[in-house]
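J.: A predicted structure for the sequence below; I have some questions about it.
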Amino acid sequence: MVFNFFRMRQIILGFVLLSLFSCSGSKENKITVAVANNMQYAIKEITAAFEKEHGIRVEVSASSSGTLTTQIKQGAPFDVFISANMKYPNTLYKDGFTIEAPKVYAEGALVLWTLNDKRLDGGLAVLLDEEFRKVAIANPETAPYGIAAIEALEKANLHSQIEQKIVWGEGIGQVNQYIKSKSVDAGITSKSVLYSKNIKNKGVSIDVDKNLYTPIEQGIVLLKHGKKTNSKNAELFYKFMFSEKTKTILTKFGYDVK
């Protein structure tokens, strides 16, 4: 009985110590990344590849770039920020929230996309047709793809003519939800959504002429929070975003990489 008691106590103590060690390790062996909505599909494959290669867990928080920027300024504990443009990471750099200036990791593209039975042969001009009563666009105040969409409509001399049809989404993620639920007749969104497993080959889409909008240069930046509290893991992930593996994944999702 005495042996069994002490043996059992040792086993229980071992499990307790193992649990404490595991919790401690998992807490340290991770990285928290703020990601723009347009990257929500590609980032899943990127983080899976990173976790497989380095054994470091990645926690992703996705929202519009503007919203994430506000959260970072308010103290959100993100290690790395992956934006949909260079404006927001540059703002964080100028305001002292980053280690160094941001770098471009990819260039995005706009598409006009619908899941309704509609033809898009005329490009953006089809939005003038009466059958297009609601058109989803991301809020340009917080979403870079919304800025690009408005710019494209203005250069095509269409913005004022379809302004009453616009349904604003908080970001690209909400625009995609509007399109997928058929709450709108079409939407201007990120080309990357068309390559996600659940959406690929669904609906009809057409590329928005790139001459109609400023190139969507997407930036990444290492945040001071990550440098101070999670330096090694944060730097590993930052570098991984420029690796050949990541470039292959980004290309697969319709991004241009150099």
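T.: Now that the structure is in, tell me what you want to look at.

J.: The closest residue to I216 other than its chain neighbours: what's it in contact with?
T.: Excluding the flanking residues, the one nearest I216 by CB to CB, 6 or more residues apart in numbering is G108, at 4.0 Å. Where you see a C-beta, it was placed from the backbone N, CA and C, and this is true even at glycine. By CB atoms under 8 Å, 6 or more residues apart in numbering, the contact set of G108 is N38, A84, Y145, S190, K191, S192, I216, Q218, Y255, D256.

J.: Which pLDDT value goes with G108?
T.: G108 is assigned 97 on the pLDDT scale.

J.: Make a markdown table from the contacts of G108 and add neighbour count and secondary structure to it.
T.: Shown next, in a markdown table, are the contacts of G108 (neighbours: other CB atoms under 10 Å; DSSP: H, G, I helix; E, B strand; the rest coil):
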| residue | neighbour count | secondary structure |
| --- | --- | --- |
| N38 | 36 | helix |
| A84 | 32 | coil |
| Y145 | 32 | helix |
| S190 | 33 | strand |
| K191 | 21 | helix |
| S192 | 25 | helix |
| I216 | 23 | strand |
| Q218 | 27 | strand |
| Y255 | 23 | coil |
| D256 | 16 | strand |
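
J.: of all the residues you listed, which two lie farthest apart?
T.: Pairwise distances across the contacts of G108 (CB to CB) peak at 14.8 Å, for the pair Y145 and D256.

J.: Which of the contacts of G108 sits closest to K118?
T.: Closest to K118 out of the contacts of G108 is K191 (18.5 Å), distances taken as CB to CB.

J.: hang on, the earlier thing: how close does the residue nearest to I216 sit to I172?
T.: From G108 across to I172, the span is 10 Å (CB to CB, to the nearest Å).

J.: anything in contact with each of these two?
T.: In contact with both G108 and I172: N38, A84, Y145, S190, using CB under 8 Å, 6+ apart.

J.: which residues in the stretch 51-200 of the chain form helices?
T.: Along the stretch 51-200 of the chain, counting by DSSP state H, counting those that start in this stretch, helices occupy 65-73, 87-94, 144-155, 159-162, 172-180.

J.: Using CSV, lay out those helices together with mean pLDDT and distance to N29.
T.: As requested, those are arranged in CSV below (pLDDT from 0 to 100; distance: least, CB to CB, whole Å):
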stretch, mean pLDDT, distance to N29
helix 65-73, 96, 23
helix 87-94, 97, 26
helix 144-155, 97, 32
helix 159-162, 97, 49
helix 172-180, 95, 28
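
J.: Adding distance to D209, write those out as JSON lines.
T.: Below are the helices of the stretch 51-200 of the chain laid out as JSON lines (distance: least, CB to CB, whole Å):
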{"stretch": "helix 65-73", "distance to D209": "23"}
{"stretch": "helix 87-94", "distance to D209": "22"}
{"stretch": "helix 144-155", "distance to D209": "7"}
{"stretch": "helix 159-162", "distance to D209": "15"}
{"stretch": "helix 172-180", "distance to D209": "19"}
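
J.: To K134, which of those helices lies closest?
T.: Nearest of these to K134, taken as CB to CB: helix 172-180 at 8.1 Å.
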